[in-house]
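Engineer: Everything below, folded, please.
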Amino acid sequence: MDFLSFIGDNLQIFLSYTGFANATWGHLIMIAVGLVFIYLAIAKEFEPMLLIPIGFGILIGNIPFKDAGLQLGIYEEGSVLNILYQGVTSGWYPPLIFLGIGAMTDFSALISNPKLMLIGAAAQFGIFGAYTLALLWGFDPSQAGAIGIIGGADGPTAIFLSSKLAPNLMGAIAVSAYSYMALVPVIQPPIMRLLTNKKERLIRMKPPRVVSQTEKIIFPIVGLLLTCFLVPSGLPLLGMLFFGNLLKESGVTRRLAETARGPLIDVITILLGITVGASTQATQFLTWSSLKIFGLGALSFVIATTAGVLFVKFFNLFLKKDNKINPLIGNAGVSAVPDSARISQIVGLEYDSTNYLLMHAMGPNVAGVIGSAVAAGILLGFLG
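Structural biologist: Numbers count the residues shown, from 1 in each chain. Just a heads-up that it's a prediction; the model follows:
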């Protein structure tokens, strides 16, 4: 009898540690969200390189367990997940991502037509629009700044800034930023069609001029000096972005460039995605603040896309007829590279099957990457 009692007590203890015994509706809701992310990545091919790690991370982070000092969860100091998560909380994953982005980015479209930089700058209104709305919705200035950066459509920048200004909101901000980046093909086209007429959609832009190798080498050096002298607080992101680009364009560091844009960025993307996803534990994530952040994230994308398209329409008023810009590339000012530029191409081809806008759209698209990092530096400078 004592033996049976011993077995029964141990079985009861074992059952109390299982996920079935500790599951709440919050865990089940977040697991469903993780499954949706994975579905969108595989079935719809919405940013699979991001949504699969994040979606699976959400599953990992929401496996229920009894807190008994076993160091399992991402928020338990000393756990493996917590150690990996320090790359997010300390802000050193995002600069490494920017290093890889710089090593794979061709700035030729922007160099050949510098005025496209203005479109990238105009799209950053999404950041400051969301910042203003977040203040109106009751967030303090630091939290509002971290939330606002979602409008830049730049996940690594959102993580970097939120790690400095609002660590407690980082999970919601990161998931929101990456979610809306993946939904660019859904969010942007209706806005682009609404704000343009048929004549504007048919505008043909001059082919970009050929950019010399010397210009490509000089650009990251001049870009670093100009942007970081203006906004020194953006140095971690901008410095690594331009350094990666110099590795690519110098022609003498091919192995380093290939490492930065290949194995390095792949490893960091995996670690970043899985830990950001795991940080969405139901007890930490399912709050009214998170829902507000998702709402503000959607509004910021709408504001950014609208500002980019309307700015091109306004700018065209001052340009000669043969030098006008197709406003369908205005959406590419958000820094979801290359998805927003690809959307410009897709929507443009709907109205003229021979009007290829991709190369033109890449100009504001890469300008948006620089612009969002500069905006993050500005926010960090006066809120940090």
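
Engineer: What are the buried residues along the helix or strand that Val366 is a member of?
Structural biologist: Element membership of Val366 [criterion: DSSP states H and E] is helix 358-383. In terms of neighbour count (16 or more other CB atoms under 10 Å), helix 358-383 has its buried residues at 358-380, 383. For every residue, glycine as well, the C-beta is placed using N, CA and C.

Engineer: in stretch 310-326, what's buried?
Structural biologist: By neighbour count on 16+ other CB under 10 Å, the buried set for stretch 310-326 is Leu310, Phe311, Val312, Lys313, Phe315, Asn316, Lys324, Ile325, Asn326.

Engineer: Pick out the most distant pair among the residues you listed.
Structural biologist: Taking every pair in the buried residues of stretch 310-326 and measuring CB to CB, the maximum separation is 14.8 Å, between Leu310 and Lys324.

Engineer: can you count the residues close to Lys216?
Structural biologist: A count of nearby residues for Lys216, using other CB atoms under 10 Å, gives 19.

Engineer: Just say helix, strand or coil for it.
Structural biologist: The three-state label given to Lys216 by DSSP: H, G, I helix; E, B strand; the rest coil is helix.

Engineer: so it touches Ala109, yeah?
Structural biologist: No - shown here, Lys216 and Ala109 do not form a contact pair, counting by CB atoms under 8 Å, at 11.6 Å.

Engineer: Tell me the spacing between Asn326 and Ala336.
Structural biologist: Going from Asn326 to Ala336 by CB to CB, to the nearest Å gives 19 Å.

Engineer: Buried residues, the strand or helix carrying Pro190. List them.
Structural biologist: Using DSSP H and E, Pro190 falls within helix 184-195. Going by neighbour count (16+ other CB under 10 Å), the buried part of helix 184-195 is Val184, Pro185, Ile187, Gln188, Pro189, Ile191, Met192, Leu195.

Engineer: Let's see it as PDB, backbone CA atoms only.
Structural biologist: C-alpha atoms of helix 184-195 as PDB (Å, rounded to 0.1, in the frame of the first residue of the first chain):
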ATOM      1  CA  VAL A 184       3.200  44.800 -46.800                       C
ATOM      2  CA  PRO A 185       1.700  43.100 -49.900                       C
ATOM      3  CA  VAL A 186      -1.700  43.300 -48.200                       C
ATOM      4  CA  ILE A 187      -1.500  46.800 -46.600                       C
ATOM      5  CA  GLN A 188       0.100  48.900 -49.300                       C
ATOM      6  CA  PRO A 189      -1.500  48.300 -52.700                       C
ATOM      7  CA  PRO A 190      -5.000  49.500 -51.700                       C
ATOM      8  CA  ILE A 191      -3.500  52.800 -50.400                       C
ATOM      9  CA  MET A 192      -1.400  53.200 -53.600                       C
ATOM     10  CA  ARG A 193      -4.400  52.700 -55.800                       C
ATOM     11  CA  LEU A 194      -6.600  55.100 -53.700                       C
ATOM     12  CA  LEU A 195      -4.100  57.900 -53.800                       C
END
